[in-house]
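1. Fold the following, please.
(2 chains)
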Amino acid sequence: MTEAQEMMSSREAFGQELRALGHENPKLLVLDADLGTSTKTSIFAAQFPDRFIQLGIAEQNMIGVAAGLALAGWTPVTSTFACFASKRALDQIRTSVAQPCLNVKVVGAYSGILAGKTGITHQSVEDVAIFRAMPHMTVLSPSDAVETRAAVRAAVNHRGPVYIRTTRDPMRIVMDPNHKFEIGKAVLLREGSDVALITTGWMLLPALDAVAVLEAEGIRPAVLHVPTIKPFDEEAVEAVARSTGAVVTVEDHSIIGGLGSAVAETLSERFPTIMRRVGMCDCYAESAPNEDLLTKYGLTADNIAATARAVLACK
Amino acid sequence: MIRNSVQDFEGLKRKALQIRRTVLQTLHKSQAGHPGGSLSAVEILVALYYRVLRIDPDRPEWEERDRFVLSKGHAAPVYYVTLARRGYFSESELATYDTINSRLQGHPDMRKTPGVDMSSGSLGQGLSVAVGLALGAKLAGRDSQTYCLLGDGECQEGQVWEAAMSASKFALDNLTAIVDWNELQLMGTLADTMPLPSFSETWRSFGWEAAEIDGHDLAAIVDALQAPRKAGVPRVVLAHTIKGKGVSFMENKVEWHARPVSSHELQEALAELTEVQS
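-> Residues are numbered from 1 along each chain as shown, chains lettered A, B, ... in the order given. A predicted model of the protein is given here:
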């Protein structure tokens, strides 16, 4: 495979999988709030213009209309940026979708801080915390293009509300093409005995890079990837904590309320383990090139490795 | 257009009277709830549930049924009493309203109450859901109609107008919004709180056909809801109503938006609600 073939953005994967699902599922409708070319629902729209519903720049109404379509027997997939899904349309998702447990999917594009130099308003570091706290919600945060396709398929086939994070920029594909995705299941990608790196979303990639760094130092890290934030795979988290005795969580989201919190909640009840959280430390980011943003806010393999060493020193 | 004769409505007026009485008894028992906005909507619900809606209370999930979204969810008491009288569940269950483990929640919950097509309670959201229901019926080739009851104060929510735009874009001539235009809201008059100037003109400017009627005149309500449709145009019926209608000391009194009904007040109210007014 060439380098170019191995790269794909998760939003592109989402759009392609929606198109594939459109062929299979005649009840699938895709709703947009004038961001389709950015979220990549445009791929579905080009193939199925009659099942693509354009609501304009009105996210609250988009969610309500989706709720009504679900009541009428359709399977609506809505998408907008993660920042708008989780804040602008929050009460609509909570009251018109989650509370009545309707079959509406909400796809939050440009999640995390990689939002194409658009800055704070378009970045989303709170969405996982918000939707994780919401009863009836399923929350998915897949890593690469392969896992995103599988997650989108699982979400559409799951009856009930689902929130899915996607990201903007092309990234390398790390999952096997036959990667099995099951809602609620974490994946132990690497066994290890010294420290566990627990990841969600695309931050799996720098975590895998950190593994190489740590192994060169004689440290044996485990990698547990958690693409479903809710329902949370507590058993897998407990098991990897038991086998390593030290944990680092890794996410492109606030360390408050996201994966780091879910792991801390789980371990404090089931198997108290020393841990550290890599993520956004209760701050907003800014607009800048990706590499500069990731370096400044510590979302890098170097920082993951340094955090792993720090937690090991406390063991 | 065939107009409904006055005589056809004597029976419905009696139902409206009985529903008012039961609403007050239910509210008195719970010592909570919203009397004013329930009493203003009695005739609208009677017209819908006894004349207009294509429904079968024995089959609340019937796919071909018409749908109703109570966007002003705080009128739950009048909704529950109407559903019970129409046979969706036993009237004796009304006594459980707002009690622990009840199917009758403070605001409508479709997962609990038979006959409730959509949960509501956070104002401004119901019309969007109704747009989705109407669009979904059209896409599926079903001829069922969708009705949505909003409060006038509720129309201060921006989402209502997002929904209004989209109903017009999708040419939803199977959608009818009804506004319970009682001119009062929680803190005071609508005019003082946040006026809605040129209300019917505003709806028309969003591409809707709008009719203004007396929202306590059953014949006028049924006529407005059943008038022939203009192809591709959503309809709004702006129903002028009186908050607290039927009980002299509650009518047009802002404090009766949400206030417990005492035993004494209940007796006084029931004493007033004994004969059908002409």
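2. Quick check: residue A:301 vs residue B:259, distance?
-> Relative to residue B:259, residue A:301 is positioned 62 Å away (CB to CB, to the nearest Å). Quick note: C-beta positions are derived from backbone N, CA and C, even for glycine.
3. Then residue A:82?
-> 42 Å.
4. Just want to know which of the two has more residues nearby.
-> residue A:82 (32 against 18; other CB atoms under 10 Å in any protein chain shown).
5. does the more buried one really touch residue A:114, like I thought?
-> No - using CB atoms under 8 Å, residue A:82 is not in contact with residue A:114; the gap is 11.0 Å.
6. Tell me where the stretch 51-200 of chain A has helices.
-> With helices called from DSSP state H, counting those that start in this stretch, the stretch 51-200 of chain A shows them at A:59-71, A:82-83, A:90-92, A:127-132, A:145-157.
7. nearest to residue B:113, of those helices?
-> helix A:59-71 (14.9 Å; CB to CB).
8. what about the residue in the stretch 151-278 of chain B that chain A sits nearest to, helix or strand, and which?
-> In the stretch 151-278 of chain B, the residue that lies nearest chain A is residue B:162 (3.6 Å; CB to the nearest CB). Residue B:162 is part of helix B:158-169, with elements assigned from DSSP states H and E.
9. Show me what counts as buried in that helix.
-> Buried residues in helix B:158-169, defined by neighbour count with 16 or more other CB atoms under 10 Å in any protein chain shown: B:159, B:160, B:161, B:162, B:163, B:164, B:165, B:166, B:167, B:168, B:169.
10. how close does the fifth one get to residue B:272?
-> Remark: distance between residue B:163 and residue B:272 (CB to CB) = 38 Å.
11. count of neighbours near the residue nearest to residue B:47 when sequence neighbours are not counted?
-> Counting by CB to CB, 6 or more residues apart in numbering or on different chains, residue B:47 lies nearest to residue B:221, which is 4.0 Å off, once chain neighbours are set aside. Residues lying near residue B:221 (other CB under 10 Å) number 27.
12. hang on, residue B:221 is in a strand, isn't it?
-> No - counting by DSSP: H, G, I helix; E, B strand; the rest coil, residue B:221 is not part of a strand but helix.
13. Isn't it up against residue B:241?
-> No - at 10.2 Å, residue B:221 and residue B:241 do not qualify as touching, with contact defined as CB under 8 Å.
14. Now for these two: what residues contact both?
-> Common contacts of residue B:221 and residue B:241, defined by CB atoms under 8 Å, 6 or more residues apart in numbering or on different chains, comprise B:43, B:44, B:215.
15. who in the stretch 1-150 of chain A is up against chain B?
-> Counting by CB under 8 Å from any CB of the partner chain, the stretch 1-150 of chain A comes close to chain B at A:29, A:53, A:55-56, A:58, A:60-61, A:63-74, A:76, A:91-92, A:94-96, A:99-101.
16. Just the buried residues from those, in ChimeraX please.
-> Remark: buried members of these, expressed as a ChimeraX selection using 16+ other CB under 10 Å:
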select /A:29,53,55,58,60,61,63,64,65,66,67,68,69,70,71,72,74,76,92,94,95,96,99,100,101
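17. residue contacts, residue B:234?
-> B:134, B:164, B:167-168, B:171-173, B:175-177, B:207-209.
18. Excluding sequence neighbours, find me the nearest residue to it.
-> Counting by CB to CB, 6+ apart, the residue nearest residue B:234 is residue B:167, at 4.1 Å.
19. Check that neighbour and give its pLDDT.
-> Per-residue confidence (pLDDT) for residue B:167: 98.
20. again, but for residue A:3
-> Looking at residue A:3, its pLDDT stands at 48.
21. Any idea how many residues pack against residue B:224?
-> That count, for residue B:224 with other CB under 10 Å as the rule, works out to 23.
22. phi, psi of it?
-> phi -70, psi -40 (degrees, to the nearest 10).
23. hang on, it packs against residue B:213?
-> Yes - using CB under 8 Å, residue B:224 is in contact with residue B:213, at 5.0 Å.
24. anything in contact with each of these two?
-> residue B:237.
25. Now residue B:244: closest residue in space, sequence neighbours ignored.
-> residue B:250 (3.1 Å).
26. wait, what's in contact with the one you found?
-> Counting by CB under 8 Å, 6+ apart, residue B:250 makes contact with B:35, B:36, B:39, B:243, B:244, B:256, B:269.
27. tell me the secondary structure for the fourth one?
-> Here residue B:243 is recorded as coil under three-state DSSP.
28. returning to that earlier point: just the contacts of residue B:250: which are in helices?
-> Taking DSSP state H, the ones among the contacts of residue B:250 that sit in helices are B:35, B:36, B:39, B:269.
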